[in-house]
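In: any chance you can model this:
(one chain, ligands or ions: 1)
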Amino acid sequence: MNSADITTVKSILSQPQKIAIIPHRNPDGDAMGSCLALYGFLKKKGHTVHVVAPNDYPKFLKWMPENDAVINFERENPKAKEVINEASIIFTLDFNDLSRVGQMEQVLKEASADFIMIDHHQQPSDYAMVTYSDVTMSSTCEMVYNFIEFLGETDQIDADMATNLYTGIMTDTGSFKYRSTSSKTHRVVAELIDKGADNMAIHQEVFDTNSPSRLHLLGVALSNMVILPEYRTAYITLTQDELDQYDFKKGDTEGFVNYGLTLEGIIFALIFIENREEGIIKISLRSIGDFSVNEFARAHFNGGGHTNAAGGRSESSMEETISRFNDILKTYKDKLNP
Ligand SMILES: [Mn+2]
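Out: Model (predicted):
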């Protein structure tokens, strides 16, 4: 954030504001962690603050401090709309295009509030009065820490805020192992532990919550995995019938896509998950090194994200989607074998 933006934000926050904080649709640990930490911070500063999530999120995030304050746009629609319409300031966290909030998009577009974006995804749209965008950052949570630091108020970070920020940094960095994890990330995380984030307990809350059916679903996913050594690619498919058979709940397939990358020589991994209700195949893409899944998802599957982690979708059947994917892959042989 440049110094003009910092001055602007300081001046806005020096008056009591009505603030709405919005994560992206299907919020993950970084989206919820950043929203809930910023919520705690702004509440302390005397503002009227609400977090409005476009839809529900997984159970393994519902233990997070301040979770009870979250308004679900799908379940509590009139209240959510009222909060957004009455807001003087809207923070959008961990996304950079209003299409990322699904059904909420129109309501946000019609809102009279000024927007402040804090986000680390590529190619931000131009909708905010203040855009704090940095694609080199590990996570939006690290940026929220920086944001509070820019305001000179890290002493306001309490144990609950530290816990929320730690959770988002941990989940978005694959537990501090992705390339975007910098020495500064580790310094921030160290500060958060000093401020009361219980790193071991947080890890257990997020990762040690398997149900027997989820582990069985992982077994199905792994046996469905197709490995294409000539393209250094591995992909997994899961149909709606398979999800139903193993009592699928939101979040159950989290992390499945990464197994492909643990194979020696594989640098491109995908998972295709059927969602019969939405009539789509949801796609998660991961890579190691310079192969950009952001560009791949943008070019072919109506999505995007980061160089090494992106999402996309297909409106065709699973069979058609996989067949199209295999055709597209042929044109990437050189890029995958540099
Ligand atoms: Mn993120």
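
In: now residue 292: closest residue in space that isn't a chain neighbour?
Out: The shortest distance from residue 292 to any residue that is not its chain neighbour, by Cβ to Cβ, 6 or more residues apart in numbering, is 4.8 Å, and that residue is residue 307. Yep, even glycine has a C-beta here, placed from its N, CA and C like the rest.

In: in the stretch 1-150 of the chain, what residue is nearest the ion?
Out: Shortest the stretch 1-150 of the chain-to-the ion distance, computed as Cβ to the ion: residue-wise this is residue 30, at 3.4 Å.

In: confirm for me that residue 216 is in contact with residue 247.
Out: No. In terms of Cβ atoms under 8 Å, residue 216 does not count as a neighbour of residue 247; the distance is 9.0 Å.

In: tell me the SS of residue 117?
Out: The three-state assignment at residue 117 reads strand, by DSSP: H, G, I helix; E, B strand; the rest coil.

In: tally of neighbours for the residue nearest to residue 222 when sequence neighbours are not counted?
Out: With sequence-adjacent residues excluded and distances taken as Cβ to Cβ, 6+ apart, residue 222 is closest to residue 259, at 6.3 Å. The burial metric for residue 259, expressed as a neighbour count using other Cβ atoms under 10 Å, is 18.

In: what's the answer for residue 332, then?
Out: Neighbour count for residue 332, taken as other Cβ under 10 Å: 16.

In: next, give phi and psi for it.
Out: Main-chain dihedrals, residue 332, degrees, to the nearest 10: phi -110, psi 10.

In: show me where the stretch 51-200 of the chain has helices.
Out: 77-86, 105-110, 140-150, 159-172, 183-194, 199-207 (DSSP state H, counting those that start in this stretch).

In: could you say which of those is packed most deeply?
Out: When the helices of the stretch 51-200 of the chain are scored by mean count of other Cβ atoms under 10 Å, the highest mean neighbour count falls to helix 159-172 (a mean of 27).

In: within range of the ion, give me the residues from the stretch 101-250 of the chain.
Out: 140, 172 (Cβ under 5 Å from the ion).

In: any idea of the pLDDT on the residue of the stretch 1-150 of the chain closest to the ion?
Out: In this prediction, residue 30 carries a pLDDT score of 98.

In: doesn't residue 168 make contact with it?
Out: Yes. Here residue 30 lies in contact with residue 168, judged by Cβ under 8 Å, at a distance of 3.8 Å.

In: what touches both of these two?
Out: Counting by Cβ atoms under 8 Å, 6 or more residues apart in numbering, the common neighbours of residue 30 and residue 168 are 139-141.

In: from the residues you listed, which single one is nearest residue 162?
Out: Closest approach between those and residue 162, by Cβ to Cβ: residue 141, at 10.3 Å.

In: relative to residue 179, how far out is that closest one?
Out: Separation of residue 141 from residue 179 (Cβ to Cβ, to the nearest Å): 17 Å.

In: same deal with residue 254?
Out: As judged by Cβ to Cβ, residue 254 and residue 179 stand 20 Å apart.

In: of the two, which one has the most company?
Out: residue 254 (17 against 14).

In: leaving out the residues flanking it, which one is nearest to the more buried one?
Out: residue 58 (6.7 Å).

In: picking that back up, state the three-state secondary structure for the residue nearest to residue 222.
Out: Classification of residue 259 into helix, strand or coil gives helix, according to three-state DSSP.

In: and the pLDDT for it?
Out: 97.

In: isn't it right up against residue 270?
Out: No. No contact is recorded between residue 259 and residue 270 when judged using Cβ under 8 Å, the distance being 11.3 Å.

In: who touches both of the two?
Out: 234, 236.

In: what about the residue nearest to residue 222, distance to residue 30?
Out: Relative to residue 30, and taking Cβ to Cβ, residue 259 is found at 21 Å.

In: please apply the same query to residue 276.
Out: 28 Å.

In: the two: who's more crowded?
Out: residue 30 (28 against 11).

In: contacts only, for that one.
Out: Counting by Cβ under 8 Å, 6+ apart, residue 30 makes contact with 94, 139-141, 168-169, 171-172.
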